[in-house]
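# can't give you the sequence, but here's the structure:
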């Protein structure tokens with residue numbers, strides 16, 4: 001049977017991976033978008049499912065389309081969406097379709113304001129090492145995995161990264177409310193997405209609802225070091241089992257972090273207190289699907305981290321250069337602290353970009369107070385054009401300096417000037433940490449590394 005599926009806004013990071021997964025599963029896949037960039041464009045073209053033209057084409061929809069998946073990038077008045085409604089087709093948001101494809105499986109859903117991708121990646125890494133067939137949806141491209149989405153008939157387990165942002169233009173529920181986990185993880189709660197959740201209490205309530213949507217016989221794994229999360233976890237989910245976690249015994253020797261368990265050392269490729277807590281959450285989830293602690297630690301040794309999560313860009317004798325996805329205050333603090341703790345004898349130069357809607361909002365800026373205090377030198381970059389594009393009120397260098405509350409903070413609004421400054425530094429016995437959910441307006445980190453004085 002020729003099963004047809006159509007994706008509106010097929011070019012997105014998650015959506016094009018969904019398209020590739022469904023194509024591999026044997027569906028006839030079509031899709032449209034008004035913009036398709038790399039790597040989506042090349043990957044869709046290689047699979048033979050890249051739209052022939054850019055734009056929206058209602059005529060692509062017909063009565064024999066089994067399902068329409070609506071991406072967040074599309075608008076509520078999208079002409080293809082209107083046509084799908086006229087035809088009475090089944091329309092799913094991205095998370096709705098993930099649930100539909102995994103509702104008969106054991107679903108491990110990883111939520112939290114930070115660490116979601118890393119914890120999800122850790123679980124997938126260990127299950128792959130143990131040859132446990134697993135479906136998944138993760139928010140970054142992982143080494144050893146062809147796509148960010150895998151949906152099969154055979155796998156009995158599905159590991160899903162549970163984002164708290166909205167499901168679609170016509171479904172204002174947070175994505176992770178749609179997954180109904182059997183096993184849930186929450187890594188922490190730190191206010192984000194203020195354009196959707198304008199108050200902290202409203203944001204916290206999304207996690208309370210998530211806990212109450214765990215299957216009645218399910219379980220919640222949560223970080224007990226987070227006071228807000230601990231209180232929320234204890235007050236909700238009356239019918240589920242709860243597993244609080246913190247860090248894990250470890251040591252650092254010559255720049256390598258090792259787990260200490262049963263009188264044995266397990267050296268890791270990753271480091272940082274936040275990653276040790278992420279690792280502990282992943283361990284508890286793997287325990288619940290039959291992986292022992294010993295097997296978990298054996299497998300996790302080769303985990304190198306998810307893309308852009310403390311990812312090593314360059315290393316020389318006395319210099320390390322990392323890039324990281326950190327952009328919210330809690331992420332900045334955790335990442336900067338981890339690098340400083342790992343390299344106690346080196347100066348840490350931390351540079352972050354204000355790029356998200358929340359981070360560029362003048363009402364949210366004060367949340368960054370002290371976020372990079374662990375760094376020996378702290379730098380903030382933002383582009384005024386990005387603020388204008390997001391239709392936000394202008395912020396000034398003075399506001400940024402006041403918000404971070406660090407007198408020696410350097411602030412740049414030109415990426416060229418930032419690169420010029422970074423290249424003026426001698427990096428002997430130093431660590432450079434570049435943090436953003438964007439790309440500092442096109443800075444090529446590999447190229448930057450070549451021009452640094454070490």
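Yep, it's here. Predicted model, so just to flag it, every value in this text is computed and none were measured.
# drop to CA atoms for contacts and neighbour counts, all remaining ones
Fine.
# just give the closest residue to the most centrally placed residue in the chain, not the sequence neighbours.
Geometric centre of the chain, nearest residue: residue 117, 4.4 Å, by CA atoms, centre = their mean. Spatial nearest neighbour of residue 117, excluding adjacent residues (CA to CA, 6 or more residues apart in numbering): residue 139 at 5.9 Å.
# for residue 30, same thing?
residue 6 (4.8 Å).
# poorly predicted segments of this protein, please.
Within the chain, the stretches with pLDDT under 70 are 1-2.
# quick check: domain ranges of it?
Domains of the chain are assigned by automatic domain parsing as 4-89, 97-300, 311-450.
# how far does the second one stretch from start to finish?
Read that as domain 97-300. 30 Å (CA to CA, to the nearest Å).
# centre of the chain to that domain, how far?
11 Å (CA atoms, centre = their mean, to the nearest Å).
# what count of nearby residues applies to residue 72?
21 (other CA atoms under 10 Å).
# pretty sure it contacts residue 167?
Yes: if you go by CA atoms under 8 Å, residue 72 and residue 167 touch, sitting 6.8 Å apart.
# what do these two both touch?
Counting by CA atoms under 8 Å, 6 or more residues apart in numbering, residue 72 and residue 167 have no contacts in common.
# residue 283 is in contact with residue 296, isn't it?
Yes: under the criterion of CA under 8 Å, residue 283 makes contact with residue 296 at 6.5 Å.
# how far away is residue 19 from residue 150?
Residue 19 is 10 Å from residue 150, by CA to CA.
# these two: which has the busier surroundings?
residue 19 (28 against 23).
# surely that one is in a helix?
Yes: assigned with DSSP: H, G, I helix; E, B strand; the rest coil, residue 19 falls within a helix.
# list the residues that contact the closest residue to it other than its chain neighbours.
Spatially, and ignoring its direct neighbours in sequence, residue 19 is nearest to residue 29 (6.6 Å; CA to CA, 6+ apart). Contact analysis of residue 29 by CA under 8 Å, 6+ apart lists 4-7, 19, 22-23, 49.
# ok, residue 273 next?
By CA under 8 Å, 6+ apart, the neighbours of residue 273 are 247, 334, 338.
# make JSON lines out of the residues you listed and add neighbour count.
Shown next, in JSON lines, are these (neighbours: other CA atoms under 10 Å):
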{"residue": "247", "neighbour count": "17"}
{"residue": "334", "neighbour count": "19"}
{"residue": "338", "neighbour count": "18"}
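# tell me which of these is nearest to residue 362?
Ranked by distance to residue 362 (CA to CA), the contacts of residue 273 are led by residue 334 at 22.6 Å.
# let me see the contact set for the nearest residue to residue 268 once chain neighbours are set aside.
Nearest non-adjacent residue to residue 268, counting by CA to CA, 6+ apart: residue 301, 4.8 Å away. Residues in contact with residue 301 (CA under 8 Å, 6+ apart) are 266-269.
# next, residue 301: phi, psi?
phi -60, psi -30 (degrees, to the nearest 10).
# just the element for residue 420, please.
For residue 420, the host element (DSSP states H and E) is helix 415-424.
# ok now that helix, how far from the chain's centre?
28 Å.
# other SSEs contacting it?
Applying 3 or more CA pairs under 8 Å, 6 or more residues apart in numbering; DSSP states H and E, we find helix 415-424 packed against no helix or strand.
# give the buried residues for it.
Buried residues in helix 415-424, defined by neighbour count with 16 or more other CA atoms under 10 Å: 415, 418-419, 422-423.
# so which of those residues is the closest to residue 433?
For those, the nearest to residue 433 is residue 422 (11.2 Å; CA to CA).
# surely the closest one meets residue 453?
No: assessed by CA under 8 Å, residue 422 is found out of contact with residue 453, at 9.4 Å.
# give me phi/psi at residue 291?
According to degrees, to the nearest 10, residue 291 has phi -100, psi 120.
# what's the burial count for it?
The burial count for residue 291: 18, using other CA under 10 Å.
# same question for residue 256.
13.
# separation between it and residue 265?
On the measure of CA to CA, residue 256 and residue 265 end up 11 Å apart.
# contacting residues for residue 89?
63, 65-68.
# do that again at 7 Å, thanks
residue 67 (CA atoms under 7 Å, 6 or more residues apart in numbering).
# check which element follows the strand or helix carrying residue 204 along the chain.
Per DSSP H and E: residue 204 is located in helix 200-212. Next helix or strand after helix 200-212 toward the C-terminus (DSSP H and E): strand 219-223.
# run through who's touching that next one.
182-188, 240-246, 281.
# neighbouring strands - and their directions - for that strand?
strand 183-186 (parallel), strand 241-245 (parallel) (DSSP bridges).
# please identify the deepest-packed of these.
strand 183-186 (a mean of 28; mean count of other CA atoms under 10 Å).
# please report how far the residue nearest to the centre of the chain lies from residue 346.
Residue 117 is 28 Å from residue 346, by CA to CA.
# just the helices in the stretch 51-200 of the chain please.
Assigned by DSSP state H, counting those that start in this stretch, the helices in the stretch 51-200 of the chain fall at 79-86, 94-102, 116-129, 200-212.
# among the ones you listed, which is nearest residue 439?
helix 116-129 (18.4 Å).
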